[in-house]
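**Student:** need coordinates for the following:
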Amino acid sequence: MKFSVSSSDLLKKLQLAAGAIGSNPVLPILEDFLFTVSGNKLNIAATDLETSISTSIDVRSDKDGIVAVPAKILLDTLKQLPQQPVTISVDDDNFGIEITSSFGKYKLAGENGGDFPRIPEPDSVDTLTMAAQSLNQGISKTLFATSTDELRPAMTGVYFQVDFNKITFVATDAHKLVKYTFSEDVKSEVMSNFIVPKKALNLLKNALPPSNEEVVMQFNKANAFFSFGDTHMVCRLIDARYPDYNAVIPTENPNMLTVSRQDFQSSLKRISIYANKTTNQVILSINDGSLTVSSQDLDFSNEATEQMTCTYEGDPLTIGFNAKFLIEMLGVLEGDEIRMELSTPTRAGIIIPDDMPEGEEVLMLVMPVMLSN
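**Tutor:** Sure, this is the predicted structure:
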């Protein structure tokens, strides 16, 4: 088997698929790309048995064939070549691979493509379609709030809740929670829910086209399948029950703070420098028209205070939060102003943007850090 292709086009496709290759593969062949040539189309696949990515590229080939190619050496070679056509030949008997460029020849040992693990195919699936940009938004706004605690597997991924023509993304690590709902141009005929692992979503986010190209999402009990353009991604779902997140969202929040998102975030970044490095605690003292942000680290005699204007309806309130969480949340939100809905110093605060585009809703919840006397 022999085929020719542009080195830079091939490199782009390989870099996309390479995300699915794990750092410590359980089988040596999982360090390879699976190359399948059919007609003048090369399909490239990679997997770590949890997440698989496949993508295709046009080539000029002499016949169909299949081979497993060591990923690292191929990527490193192509990175060092300027844009040019390369020819890849495979010995059908021993799977030896020869790459020919305008500079010379490079030989490497391939493996039998027939030994490559089978990538799951959609079977008994439900389907949803939505725009790539909207899916990207859903992932970007929630991924940071997932947990790293392997003892609570459900919380290490993002919860997808499909409700016909509406999709809700939820992530929480028990200290913060994000709920993002999107209902514009979502097409589905089912109600369903599933948990997608963090690694798969990171790969998907980087692979999604920036345009409003349509993404077809299919899912069954075991896997989720994402297809767009000539790229397909499959990931094993997290088999666990997601916590009842609605139960932790407080409904009675009589105190309402409205403040400039950018100014508040900048203030928190400065004040947090002086906070205790273990708790990252900042204190918000709020009363009519004034927000005081302060922190102190008694171990090092560090402290800082800033005051800013705000709009506030409610009783004067002093409440502590982890500055890192607030900064992260404000960075993910858009818009000029945010609204914080608060009740008491011991109950979660809710952050929502003051203005949201049609068909979108986002709610962020953050647990307080208890004030020390």
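
**Student:** going forward, measure contacts between C-alpha atoms and count neighbours the same way
**Tutor:** Fine.

**Student:** could you pull up the mean pLDDT of stretch 161-177?
**Tutor:** Averaged across stretch 161-177, pLDDT comes to 96.

**Student:** quick one: end-to-end distance for it.
**Tutor:** Distance between the two ends of stretch 161-177: 15 Å, counting by CA to CA, to the nearest Å.

**Student:** buried ones in it?
**Tutor:** Buried residues in stretch 161-177, counting neighbours by 16 or more other CA atoms under 10 Å, are found at 161-163, 165-174, 176-177.

**Student:** from these, which ones fall inside helices?
**Tutor:** Among the buried residues of stretch 161-177, no member falls in helices (DSSP state H).

**Student:** quick check: can you list the domain ranges of this protein?
**Tutor:** 2-115, 126-242, 249-366 (automatic domain parsing).

**Student:** list the contacts for the residue nearest to Glu98 when sequence neighbours are not counted?
**Tutor:** In this structure, Glu98 finds its nearest non-sequential neighbour in Lys107, 4.5 Å apart by CA to CA, 6 or more residues apart in numbering. Taking CA atoms under 8 Å, 6 or more residues apart in numbering, we find Lys107 in contact with Gly96, Ile97, Glu98, Ile99.

**Student:** can I get these in TSV with distance to Pro117, secondary structure and pLDDT?
**Tutor:** Shown next, in TSV, are the contacts of Lys107 (distance: CA to CA, whole Å; DSSP: H, G, I helix; E, B strand; the rest coil; pLDDT from 0 to 100):
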residue	distance to Pro117	secondary structure	pLDDT
Gly96	20	strand	97
Ile97	20	strand	97
Glu98	24	strand	97
Ile99	25	strand	98
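
**Student:** of these - the most surrounded one?
**Tutor:** Neighbour tally across the contacts of Lys107 (other CA atoms under 10 Å): the maximum, 23 neighbours, falls on Ile97.

**Student:** ok, that one touching Ile88?
**Tutor:** Yes. Using CA atoms under 8 Å, Ile97 is in contact with Ile88, at 6.9 Å.

**Student:** and which of the contacts of Lys107 is nearest Ala247?
**Tutor:** Ile97 (57.8 Å; CA to CA).

**Student:** which residues does the closest one bridge with?
**Tutor:** Per DSSP bridges, the residues bridged to Ile97 are Val90, Leu108.

**Student:** who are the contact partners of it?
**Tutor:** Ile97 neighbours (CA under 8 Å, 6+ apart): Val69, Ile88, Ser89, Val90, Asp91, Lys107, Leu108, Ala109, Gly110.

**Student:** for Phe226, name its beta-bridge partners.
**Tutor:** Phe226 has these beta-bridge partners by DSSP bridges: Met217, Met233.

**Student:** so it makes contact with Leu208?
**Tutor:** No. The pair Phe226 and Leu208 does not pass the contact test of CA under 8 Å, sitting 9.8 Å apart.

**Student:** and the contacts of Lys107, which two are furthest apart?
**Tutor:** Gly96 and Ile99 (10.2 Å).

**Student:** of the domains of the chain, flag the one that's most buried.
**Tutor:** Most buried of the domains of the chain, by mean neighbour count (mean count of other CA atoms under 10 Å): domain 126-242, with a mean of 19.

**Student:** residues touching Leu34, list them.
**Tutor:** Neighbours of Leu34 in contact, by CA under 8 Å, 6+ apart: Asn43, Ile44, Ala45, Ala46, Ile66, Val67, Ala68, Val69, Gly113, Phe116.

**Student:** switch those residues over to TSV; also include distance to Ala20 and pLDDT.
**Tutor:** TSV is the format used below for these (distance: CA to CA, whole Å; pLDDT from 0 to 100):
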residue	distance to Ala20	pLDDT
Asn43	15	98
Ile44	12	98
Ala45	9	98
Ala46	6	98
Ile66	19	96
Val67	18	97
Ala68	15	98
Val69	15	98
Gly113	17	96
Phe116	14	97
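
**Student:** no further questions, thank you.
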